[in-house]
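> Fold the following.
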Amino acid sequence: MKKTLLLVSAVLMGTGLFAQTGPGFGIKAGLNYNGNGDYFNSAEQAFENPDRNAGFHVGFWGKIGNRIYFRPELVYTSTSSGYDEGDLKIKKLDAPMLLGAKVIGPLHVFAGPSFQFLLDTEFDGTTFDDVDNDLTVGLNIGAGVNLGKFGIDLRYERGFSENEVNFINSNITNLTGDRVDTRPDQLILSFSLRL
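Sure, this is the predicted structure:
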């Protein structure tokens, strides 16, 4: 797993250095609305407690190409998913590898795989086994607008790799089999700045 993470980081850094001589690189930050495993079920609860499934991200991006482009990113993400028994908090490194295209004017669309490396997981007052996989793969798809050095985009992310956490000393009654699916299933709003 660590070798894979090092390989992904090396590819990102190499691509990022190359992107500096091409169209650009920069920083990004924003908000995440997370619904691990069952996004639409947790979205219903969001109206009652809108901050329960909120999170944030900060990171770097590079861009190669113009009309059709490749945009690798390296992003630190912190999310929280609310349950009746407490909050599941996840901290991870995301490495989206996006292929995009300009549509019209400043509008662009993009999609691509996202590699996630879990750094830390915790559930309020509950002990659990390690998450099945530290390294998982998902998909990002979205659209954005670039205005000079500034950009904004909205994307949907869904994890492909099944990944669950098993609780050891829980009194959790409404989680099936004392397990929680930790696959990301989220909306991500990002603000970016070209350096």
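
> which ones are touching the residue lying closest to D87 once chain neighbours are set aside?
Closest residue to D87 apart from its sequence neighbours, by Cβ to Cβ, 6 or more residues apart in numbering: S80 at 4.9 Å. From N, CA and C alone the C-beta is placed, and that goes for glycine too. Applying Cβ atoms under 8 Å, 6 or more residues apart in numbering, we find S80 in contact with N34, R52, N53, A54, G55, D87, L88, K89, I90.

> State the distance from S80 to L193.
26 Å (Cβ to Cβ, to the nearest Å).

> L147 now?
On the measure of Cβ to Cβ, L147 and L193 end up 11 Å apart.

> Mind checking which of those two has more residues around it?
Each of L147 and L193 has its neighbours counted (other Cβ atoms under 10 Å); L193 has more, 13 against 9.

> So what's the predicted local confidence for the more buried one?
L193 carries a pLDDT value of 96.

> Which helix or which strand is home to it?
strand 185-194 (DSSP states H and E).

> ok, now F110?
Using DSSP H and E, F110 falls in strand 107-123.

> Check which helices and strands that strand sits against.
Secondary structure elements in contact with strand 107-123, counted by 3 or more Cβ pairs under 8 Å, 6 or more residues apart in numbering; DSSP states H and E, are helix 2-21, strand 86-104, strand 135-147, strand 150-159.

> Report the inter-axis angle for that strand versus strand 150-159.
Here strand 107-123 points in a direction 50 degrees away from that of strand 150-159 (axes from the mean of the first three to the mean of the last three Cα atoms, to 10 degrees).

> how about strand 107-123: buried residues?
Within strand 107-123, the residues that count as buried by 16 or more other Cβ atoms under 10 Å are 108-112, 114-118, 121-123.

> How about stretch 145-157?
By 16+ other Cβ under 10 Å, the buried positions in stretch 145-157 come out as N146, G151, I152, D153, R155, E157.

> try stretch 59-77
Of all the residues in stretch 59-77, those buried under the rule 16+ other Cβ under 10 Å are 59-64, 69-75, 77.

> which of the buried residues of stretch 145-157 lies closest to F25?
F25 has its nearest neighbour among the buried residues of stretch 145-157 in G151, at 12.3 Å by Cβ to Cβ.

> Give me the distance between that closest one and S114.
Separation of G151 from S114 (Cβ to Cβ): 18 Å.

> L74 too?
L74 is 11 Å from S114, by Cβ to Cβ.

> any common contacting residues for the two?
Residues within reach of L74 and of S114 at once, by Cβ under 8 Å, 6+ apart, are D94, A95.

> follow-up on the earlier one: can you lay out the buried residues of strand 107-123 as CSV showing distance to D185?
Formatted as CSV, the buried residues of strand 107-123 follow (distance: Cβ to Cβ, whole Å):
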residue, distance to D185
H108, 24
V109, 20
F110, 19
A111, 16
G112, 17
S114, 12
F115, 16
Q116, 12
F117, 18
L118, 15
T121, 16
E122, 19
F123, 17
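
> want to throw those into TSV with distance to I27 and pLDDT?
Shown next, in TSV, are these (distance: Cβ to Cβ, whole Å; pLDDT from 0 to 100):
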residue	distance to I27	pLDDT
H108	18	95
V109	22	97
F110	18	98
A111	22	98
G112	20	97
S114	18	94
F115	20	94
Q116	20	90
F117	20	90
L118	23	84
T121	26	76
E122	27	77
F123	31	70
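
> All set now, cheers.
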